[in-house]
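1. Quick one, structure for this:
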Amino acid sequence: MNRVFLIGNLTRDPELTETSSGVSVCRFSIAVSRNYKTADGGYDTDFFSCQAWRSIAESIARYVRKGNKIAITGSLQNRSYEDKNGDKKTANEIQVQDVEFLTPKQSNEFGDDVGHDIPRGQASRTASDYVAPPKQQSMFGNKPRLQDLEDDSDIPF
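-> You can find the predicted model right below:
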């Protein structure tokens, strides 16, 4: 069985391209911290190259950016190739089969939602249609904030 489950942060913006036959492919990498401390008190981090296809690729390119946290499931694939000098190289990549966006939802000035979950296969635009959102000014955006209650004795919990 070849199954990989990872949660990490994107190390760079995803790159969406198309094959010569028009199939969308998205390449990105994620950083995953190990769950134990090193001798100096820090945490080591592993970096994984990932590749997604078709609607999942378009969704990733549209909804996540460098630093966003995502959960992916997929399989590990090894491939061999020759570099410019003719030397044989091996690359290990995660072939993404499912993704969940874990960074809280943000909205940009164009009304597009960035960083939220969308159903698998529901991408409606490609990366060439996407305009990167401006930095978010407030965690709550234009939504009203909840007010503190002066007397909470009526609350049953």
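2. ranges for the helices of this protein?
-> 54-63 (DSSP state H).
3. how about low-confidence regions in it?
-> Residues of the chain meeting the criterion pLDDT under 70: 106-157.
4. Sketch out the strands for it, chain order is fine.
-> For the chain, applying DSSP state E gives strands covering 4-10, 15-18, 24-37, 43-53, 69-82, 88-101, 106-107, 113-114.
5. can you tell me which of those strands comes nearest to A61?
-> strand 15-18 (3.7 Å; C-beta to C-beta). The C-beta positions use only the backbone N, C-alpha and C, and glycine is treated the same way.
6. Can you mark which positions in that closest one are buried?
-> L16 (16 or more other C-beta atoms under 10 Å).
7. Show me what it packs onto, helices and strands only.
-> Helices and strands touching strand 15-18, by 3 or more C-beta pairs under 8 Å, 6 or more residues apart in numbering; DSSP states H and E, are strand 24-37, helix 54-63.
8. Buried deepest among those, which one?
-> Comparing the helices and strands packed on strand 15-18 by mean neighbour count (mean count of other C-beta atoms under 10 Å), helix 54-63 ranks first with a mean of 22.
9. Run the angle between that helix and strand 88-101 for me.
-> 70 degrees (axes from the mean of the first three to the mean of the last three C-alpha atoms, to 10 degrees).
10. just checking, what packs against helix 54-63?
-> Using 3+ C-beta pairs under 8 Å, 6+ apart, helix 54-63 sits against strand 15-18, strand 24-37, strand 88-101, strand 113-114.
11. can you redo the ones you listed as a markdown table with distance to G67?
-> Shown next, in a markdown table, are the helices and strands packed on helix 54-63 (distance: least, C-beta to C-beta, whole Å):
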| stretch | distance to G67 |
| --- | --- |
| strand 15-18 | 16 |
| strand 24-37 | 10 |
| strand 88-101 | 12 |
| strand 113-114 | 12 |
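12. and of these, who's closest to S59?
-> strand 88-101 (7.0 Å).
13. so the closest one versus strand 69-82, what angle?
-> Using the same axes, to 10 degrees: strand 88-101 against strand 69-82 is 160 degrees.
14. Can you tell me what sits against strand 88-101?
-> Strand 88-101 is touched from outside by 4, 6, 48-53, 56, 59-60, 63-64, 68, 70-83, 115-118, 120, with contacts defined as C-beta atoms under 8 Å, 6 or more residues apart in numbering.
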